[in-house]
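1. Whatever this is, show me its structure:
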Amino acid sequence: MLSSFSRHCTRKMSSAMMDALKATNGQTITCKAAVAWEAKKPLDVTDIQVAPPKAGEVRVKIISNALCHTDIYTLDGHDPEGLFPCVLGHEAAAVVESVGDGVTSVAMGDVVIPCYTPECKKHDCIFCQSPKTNLCPSIRSTQGQGLMPDGTSRLSKDGKQIFHFMGCSTFAEYAVIAEISAAKINPGADLDKMCLLGCGVATGWGAVFNNTKVEPGTSVAVFGLGALGLSVIQAAKTAGARRIVGVDINDAKFPLAVEMGATECVNSITCEGGDIKAVLMSTEKWGYDYTFDCTGNVNVMRTALEVAHRGWGESCVIGVAAAGKEISTRPFQLVTGRNWKGTAFGGWKSRTEVPKLVQTVMRGEMPLEPYITHTFKGLENVNASIDALHSGSCLRAVVHISDSGLQTSKLPKLKGNVRVDGGWMKQLSHWSEACNCDMTFSVFLPDQLARNSPPPPVLYYLSGLTCSDENARTKATFAQEAAKVGLAVVFPDTSPRGVNIPTQDDSWDFGSGAGFYVDATTEAWAGHYKMYTYITKELPELISGLFPVDPVRRSITGHSMGGHGALIAHLKNPGMFSSVSAFSPICNPTAVPWGEKAFTGYLGSVSAGKAYDATELVKTYSGPKPCILIDQGTADGFLNNQLKPNNFSAACGEAGYPVQVRMQPLYDHSYYFISTFMRDHVDHHARALGLRPKL
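-> Numbers count the residues shown, from 1 in each chain. Next up, the predicted model:
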């Protein structure tokens, strides 16, 4: 079965591109590649042959490639494992052209980032199963020899073998990589940016988040302010470091470092006395909690260690040193509590975690734009990109190699990102194709219980009349229990806003804040008020594409008008939701004033509203029947004239549908009532979603 990403990709990719991919399946492709025939010579852009993928392999069409210093390091002859001739490149984004036998995790048309650090995910791989490392050794021996896992190459030029590079070789129009090196990502991502996550930027982020786990309120020193150093600074700021000092020999790099989060910068050559250690230690008496070398210079590595905090300081080596170089320090530096460590690809487990990095960027939480200083179109300009990198003013040069045939998604705007009760509450606005306007929603993401924990399932909470996405998230006291069980919660808005419909704000129970979760058909409202499609199709697809959540396991609940929405979303989509519940729902809207007003205005008649009436829908429902939990206060002023739970309960009884209606003595319609019983509802959904044992 295709994942939600694959289905989304298949929908968005042009038929012409899909046909072009199919046309080359199983054939050797002759295409352009930038071949390094020998060290210290310009790359030769020439035709090569790329053979079809063998078992466990994937052939990809390269869309974009960012130039990394490791490519230049090898081309300049500094890499002891450097092999020639080869096709360099390892920081790329690509589209799957074809797959070899046994490949199941990706399919033709999927978008991937080739990763030089694979992840086999096998149960007997102690490295993949350990949360401590990402260093899967499954194909390390052959990858280091410039070959595919079977010990042969897929690249050649007129019969002459060409070596692979870092398991990627993306300075080409096509490449063959191992399936376990292909990280499948959101197909709507901007691939000219996401290619940066194949190495450098991701490595800097991971050094902070994974390898050293920088805590809030700590001090950080970063040596080297290229793209790698800046990514460390960006991540350290996100982690909440109180002080971040950037160190470099080029003052021109300081303004961007400060923009990215550095609190100050120091030139290690022109600083007072020319003694960078003394300058750094003069402001942090016992040293820095975390230091990072991003230069590859072994002398700088030593300095970084020796300015780390006495007793607990950690110094992380990220820069790659030249062949034969060794690091040294006095043992006393380690005896007194400093820790020296390194990182490979930032510790990220490639296939599991790179897709999450892409989502983080797409949500606007970690922008990539500042790193891209140079862009080139066409593989023939790869040598120009190398010149740019050598110029000293280039952070990352991106070469756009070919078109993907995919439409780049319109990205949401991050409006809020607040820490709360064991998770994060994020608020975003985005363009809705269903509602033809900007829509706002909030998402609670629980902290991951463990690094290898499965992604959390999602509970959708639909709010009532006059509400927005903000009411329940701030008043319903759901977060602590949701975080405890590992449940993400989504809060959509209740209607489109500001769409210039003349009567949209005339009353509190119709129009703005009162979309009633229907797809309007009347002329005035049909252009924007498609709330049913929004909450059952567009928003779930957006959530699974932008957040690290389970795209299949989901449940739904709501209050009042939102309770009505939850009931009909379930009853009109059998099997879509694992469970459903409601607080004081409008159970029989065709028989009450609120429903009559909404259905007449949005649909043209009350009778048309039967298609959105839970009491009517349950009579003909056919599908899985998870027990519906309803809580209703006996002191609710709307109970008898607007809500009518007895009508729904009776219809369920006649249809043989299990429902539990709990009449709660003396409770009203307010959030005091909701917050009192929210824990029960979270538990109800947690058990249905497999987060707790079923009763």
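2. Got the phi and psi for residue 306?
-> Residue 306 adopts backbone torsions of phi -80, psi -10, taken as degrees, to the nearest 10.
3. ok, now residue 628?
-> Dihedral angles (degrees, to the nearest 10) for residue 628: phi -90, psi 130.
4. so it sits right up against residue 585, yeah?
-> No: the criterion here is C-beta atoms under 8 Å, and residue 628 misses it with residue 585 at 9.5 Å. Glycine gets a C-beta too; all of them are placed from N, C-alpha and C.
5. more neighbours, those two?
-> Legend: neighbour count by other C-beta atoms under 10 Å for residue 628 and residue 585, higher for residue 585 (32 against 25).
6. helix or strand right after the one helix or strand residue 602 maps to?
-> Using DSSP states H and E, residue 602 sits within helix 593-603. Helices and strands here follow DSSP H and E; after helix 593-603, the next one along the chain is helix 614-617.
7. after that following helix comes which helix or strand?
-> Assignment by DSSP H and E places the next element after helix 614-617 at strand 628-633.
8. Run me through the strand neighbours of that following strand, direction for each.
-> Note on strand 628-633: by DSSP bridges, its sheet partners are strand 580-583 (parallel), strand 659-664 (parallel).
9. could those go into JSON lines alongside mean neighbour count, distance to residue 508 and mean pLDDT?
-> Compiled in JSON lines, these are given as follows (neighbours: other C-beta atoms under 10 Å; distance: least, C-beta to C-beta, whole Å; pLDDT from 0 to 100):
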{"stretch": "strand 580-583", "mean neighbour count": "30", "distance to residue 508": "19", "mean pLDDT": "98"}
{"stretch": "strand 659-664", "mean neighbour count": "16", "distance to residue 508": "25", "mean pLDDT": "98"}
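10. From the chain's centroid, how far away is the helix holding residue 602?
-> 39 Å (C-alpha atoms, centre = their mean, to the nearest Å).
11. how about that helix: buried residues?
-> Judged by neighbour count (16 or more other C-beta atoms under 10 Å), helix 593-603 contains these buried residues: 594, 595, 597, 598, 599, 600, 601, 602, 603.
12. Touching, the third one and residue 506? I think so.
-> Read it as residue 597. No: in terms of C-beta under 8 Å, residue 597 does not count as a neighbour of residue 506; the distance is 11.5 Å.
13. nearest spatial neighbour of residue 682, skipping sequence neighbours?
-> residue 481 (4.4 Å; C-beta to C-beta, 6 or more residues apart in numbering).
14. Can you list the low-confidence ranges for the stretch 251-400 of the chain?
-> Residues of the stretch 251-400 of the chain meeting the criterion pLDDT under 70: none.
15. tilt between the longest helix along the chain and strand 659-664?
-> When the chain is parsed with DSSP state H, its longest helix is helix 671-688. Angle of helix 671-688 versus strand 659-664, following axes from the mean of the first three to the mean of the last three C-alpha atoms, to 10 degrees, is 150 degrees.
16. what's helix 671-688 in contact with?
-> 459, 471-472, 475-478, 481-482, 485, 487, 555, 557, 559, 578-579, 581, 583-584, 626, 629, 631, 633, 636, 662, 664, 667, 692-695 (C-beta atoms under 8 Å, 6 or more residues apart in numbering).
17. cutoff 7 Å now
-> 459, 475-478, 481-482, 485, 487, 555, 557, 559, 578-579, 581, 583, 626, 629, 631, 633, 664, 667, 692-695 (C-beta atoms under 7 Å, 6 or more residues apart in numbering).
18. what's the answer for stretch 650-659, then?
-> Counting by C-beta under 7 Å, 6+ apart, 615, 618, 619, 621, 625, 627, 628, 630, 649 sit against stretch 650-659.
19. and if you look at stretch 209-216?
-> Outside stretch 209-216, the residues that reach it (C-beta under 7 Å, 6+ apart) are 208, 220, 235-236, 239-241, 290, 314, 316, 341, 343, 346-348.
20. Return the closest of the residues you listed with respect to residue 30.
-> residue 348 (34.3 Å; C-beta to C-beta).
21. Run a quick check on that closest one versus residue 136, I expect a contact.
-> No: Residue 348 lies out of contact with residue 136 (C-beta atoms under 7 Å); the separation is 11.4 Å.
22. picking up where we left off before, out of the contacts of helix 671-688, name the ones that lie in strands.
-> Of the positions in the contacts of helix 671-688, 459, 555, 557, 581, 583, 629, 631, 633, 664 sit in strands, assigned by DSSP state E.
23. Out of these, which two sit at the greatest distance?
-> 555 and 633 (22.4 Å).
24. on that earlier part again, buried members of the contacts of stretch 650-659 into PyMOL, please.
-> To isolate the buried ones among those in PyMOL, judged by 16+ other C-beta under 10 Å, type:
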select buried, resi 615+618+621+628+630+649
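25. Now tabulate the contacts of stretch 650-659 in a markdown table and tack on distance to residue 434 and pLDDT.
-> Formatted as a markdown table, the contacts of stretch 650-659 follow (distance: C-beta to C-beta, whole Å; pLDDT from 0 to 100):
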| residue | distance to residue 434 | pLDDT |
| --- | --- | --- |
| 615 | 26 | 98 |
| 618 | 25 | 98 |
| 619 | 28 | 98 |
| 621 | 24 | 98 |
| 625 | 28 | 98 |
| 627 | 30 | 98 |
| 628 | 26 | 98 |
| 630 | 28 | 98 |
| 649 | 32 | 98 |
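26. Number of residues surrounding residue 550?
-> Neighbour tally, residue 550, other C-beta under 10 Å: 16.
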